[in-house]
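Engineer: Kindly return the folded structure for what I paste below:
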Amino acid sequence: MPTANASLLQAARAFLSGQSLTPVEQSALAAVTDDLDGWCERITPPPAFHPTAPGCSGPDPIPGYPDSALYWHTPEAYHPDRPCRLFLFMHGGDTDTPNTAPLDNYIGPQAVMHPFLKNLPVIVAAPSAPPAPNGKRWNHPGAVDYLETILDVATKKFNIDRERIIIGGHSMGGFGAYHLGQLLADRAAALWLSAGAWKLSDFRSLLGTAIYISHAKYDCAYAYRGAHKCPRHHDWCGTSFARAAHQLMLRDQIDHVYDEHDGGHGLFWEPAQMSLQRFLNWALLQKRQPFASRTALVTPRGTADPDLPERPFSRWLSIDRALPGEIAFDRVNLTGPNVAWTIDELAAQSFFLDQQRRPGARIVAAIDGANHFAVATENVAAFSIWLHPEMVDLNQPVTVNCNGRILSAQPQPSLLTQLEGMRLRRDPASPYVAKISFDLEKP
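Structural biologist: So this is what the prediction gives:
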């Protein structure tokens, strides 16, 4: 690398750390249009990874979260010179579940998931749930930043294949997976939604990410109550939530596996363990799809139970300016008895779907031809499409049919654009090298 480029590397690294660029630095980075992968490797060189003993380890501290703990499971096959899959797992529990729950109840030597992890070629990161005033600890404000911090820690500690990250959770963690999965779908190769629940959603936020829904048919049955004195309540983690999500994903043609097994709520039931094994076998085959031909951006998004955070970007879309207005979210409504003491009462537990309008903006988009996109927007004044040579021919103009209006732009790859994508998404592996932007309020 010539000495003249040292200042450019320094400016790029400072930009990724959150600092502003001077006009001269901005122009210089925009002028770099060749060997962008090589430049990015020099700007963000991988850390030196060290051998790690197989098995469970932790708790590790989590930067910025002094009251939390992070546990790991490292496979025997892990070698620091070879990228490895990552499974970011969110545990179940309640308000007062201790920070040791990931180890004690799930991944530790005596825990329910441990037999499945011993020979799995996957690093497991299992953080404690953030403190919260109720049992929906993965769903409160700040949870998405928390998970992104876990991803940062994991990719610095281990040689992680960023294209094969699995995000999922069970029970309270399943609540979190339904919610945070929508916010982080573009970071994941696959999502595991196990024994969870949701309130509002637009599951099109998941387009382009492989989904595995696992739920027990007898989650709320008296005979499967486990240590509880009474059956689990329908509005905790009833099977209706999974059935409703499955119905909506079929409607919207969202790639997913629906696995309703014959067990109870806990992963210790044999049918639940068989479902867990099916999920893990499936998860090993999944890879992130940053260039998915169909995607959607909804902001705010999540499950509104209780949080619905703004996040105006996902995959190859970003909303640069939104308009005031409301959009429709799908809503699940439970029917039947909340507590089922008999099999007839369990069979009477059901749901219906309707919609609720809330403030927000939405883009649904598809690559529907050579250098051609079809885009439908709601409450969007300006937006960008982020591009890569695997999506379009960057040497030719790109045409966009937006709400029936024909727009066109010539993409220009640059190092500046790729760095902007990495910083926006908090993802050093963000691959987009060009973008085209449109202001819909201009004639």
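Engineer: What segments of the stretch 151-300 of the chain are strands?
Structural biologist: 160-170, 190-194, 200-201, 210-216, 256-261, 294-299 (DSSP state E, counting those that start in this stretch).
Engineer: Just name the most buried of the ones you listed.
Structural biologist: Using mean count of other Cβ atoms under 10 Å, the stretch among the strands of the stretch 151-300 of the chain with the greatest mean number of neighbours is strand 190-194 (a mean of 28). Every residue, glycine included, has its C-beta placed from N, CA and C.
Engineer: List of residues touching it?
Structural biologist: By Cβ atoms under 8 Å, 6 or more residues apart in numbering, the list of residues contacting strand 190-194 from outside reads 166-171, 173-174, 177-178, 181, 185, 206, 209-215, 242, 245, 267, 276, 279, 282-283, 286.
Engineer: same question, stretch 93-103
Structural biologist: Residues outside stretch 93-103 that contact it (Cβ under 8 Å, 6+ apart) are 56, 58-59, 67-69, 71, 89, 91-92, 104-105, 111, 126-129, 132-135, 137, 171-172.
Engineer: List the buried residues in that stretch.
Structural biologist: By neighbour count, with 16 or more other Cβ atoms under 10 Å as the criterion, the buried positions of stretch 93-103 are 93, 97, 99, 101-103.
Engineer: which element is Arg358 on?
Structural biologist: Here Arg358 is covered by strand 350-359, with elements defined by DSSP states H and E.
Engineer: Partner strands of that strand and their direction?
Structural biologist: The strands that strand 350-359 pairs with in its sheet are strand 326-335 (antiparallel) (by DSSP bridges).
Engineer: Now do the partner strand: distance to the chain's middle.
Structural biologist: Averaging C-alpha positions (Cα atoms, centre = their mean, to the nearest Å) puts strand 326-335 21 Å from its chain's average.
Engineer: Now Ala101: phi and psi?
Structural biologist: When read as degrees, to the nearest 10, the backbone of Ala101 gives phi -60, psi -40.
Engineer: From Phe329, how far out is it?
Structural biologist: Counting by Cβ to Cβ, to the nearest Å, the gap from Ala101 to Phe329 is 31 Å.
Engineer: what is the residue nearest to Ile165 when sequence neighbours are not counted paired to in the beta sheet?
Structural biologist: Nearest residue to Ile165, sequence neighbours excluded (Cβ to Cβ, 6 or more residues apart in numbering): Leu86, at 4.8 Å. In this entry, Leu86 is beta-bridged to Ile123, Ile165, by DSSP bridges.
Engineer: what about Leu86, distance to Ala111?
Structural biologist: Leu86 sits at a distance of 19 Å from Ala111 (criterion: Cβ to Cβ).
Engineer: So between these two, which is more surrounded?
Structural biologist: The neighbour comparison of Leu86 against Ala111 (other Cβ atoms under 10 Å) goes to Leu86, with 24 against 20.
Engineer: any idea how far that one is from Gly360?
Structural biologist: The value you get for Leu86 to Gly360, if Cβ to Cβ is used, is 31 Å.
Engineer: do the same with Thr52
Structural biologist: When Cβ to Cβ is the yardstick, Thr52 and Gly360 sit 43 Å from each other.
Engineer: quick one, what contacts Asp104?
Structural biologist: 98, 111.
Engineer: how many other residues sit next to Asp354?
Structural biologist: Other residues lying near Asp354 total 9 when counted by other Cβ under 10 Å.
Engineer: mind checking how far it is from Asp368?
Structural biologist: The gap separating Asp354 from Asp368 is 30 Å, by Cβ to Cβ.
Engineer: what's the closest non-adjacent residue to His265?
Structural biologist: Nearest-residue entry for His265: Asp219, 4.7 Å, with adjacent residues in sequence omitted and distances by Cβ to Cβ, 6+ apart.
Engineer: Which pLDDT value goes with the one you found?
Structural biologist: At Asp219 the predicted local confidence, pLDDT, stands at 96.
Engineer: which residues touch the residue nearest to Ile165?
Structural biologist: For Leu86, the set of contacting residues under the criterion of Cβ under 8 Å, 6+ apart consists of 122-125, 151, 154-155, 158, 160-161, 164-166.
Engineer: Output those residues in a markdown table; the columns should cover distance to Asp305 and pLDDT.
Structural biologist: As requested, the contacts of Leu86 are exported to a markdown table (distance: Cβ to Cβ, whole Å; pLDDT from 0 to 100):
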| residue | distance to Asp305 | pLDDT |
| --- | --- | --- |
| Val122 | 29 | 98 |
| Ile123 | 29 | 98 |
| Val124 | 26 | 99 |
| Ala125 | 24 | 99 |
| Leu151 | 23 | 98 |
| Ala154 | 26 | 98 |
| Thr155 | 29 | 97 |
| Phe158 | 32 | 98 |
| Ile160 | 30 | 98 |
| Asp161 | 32 | 98 |
| Arg164 | 29 | 98 |
| Ile165 | 24 | 99 |
| Ile166 | 23 | 99 |
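Engineer: ok, of the residues you listed, which one's closest to Leu407?
Structural biologist: Distance from Leu407 was checked for each of the contacts of Leu86 by Cβ to Cβ. The minimum falls on Ile165, at 33.6 Å.
Engineer: hmm, back to that, take the strands of the stretch 151-300 of the chain and write them to JSON lines, including distance to Phe116.
Structural biologist: Compiled in JSON lines, the strands of the stretch 151-300 of the chain are given as follows (distance: least, Cβ to Cβ, whole Å):
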{"stretch": "strand 160-170", "distance to Phe116": "13"}
{"stretch": "strand 190-194", "distance to Phe116": "12"}
{"stretch": "strand 200-201", "distance to Phe116": "29"}
{"stretch": "strand 210-216", "distance to Phe116": "13"}
{"stretch": "strand 256-261", "distance to Phe116": "15"}
{"stretch": "strand 294-299", "distance to Phe116": "32"}
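Engineer: Give me the secondary structure label for Asp60.
Structural biologist: Per DSSP: H, G, I helix; E, B strand; the rest coil, the local secondary structure of Asp60 is strand.
Engineer: Report the spatially nearest residue to it, omitting neighbours in sequence.
Structural biologist: Distance criterion Cβ to Cβ, 6+ apart; nearest residue to Asp60, sequence neighbours excluded, is Leu70 at 4.5 Å.
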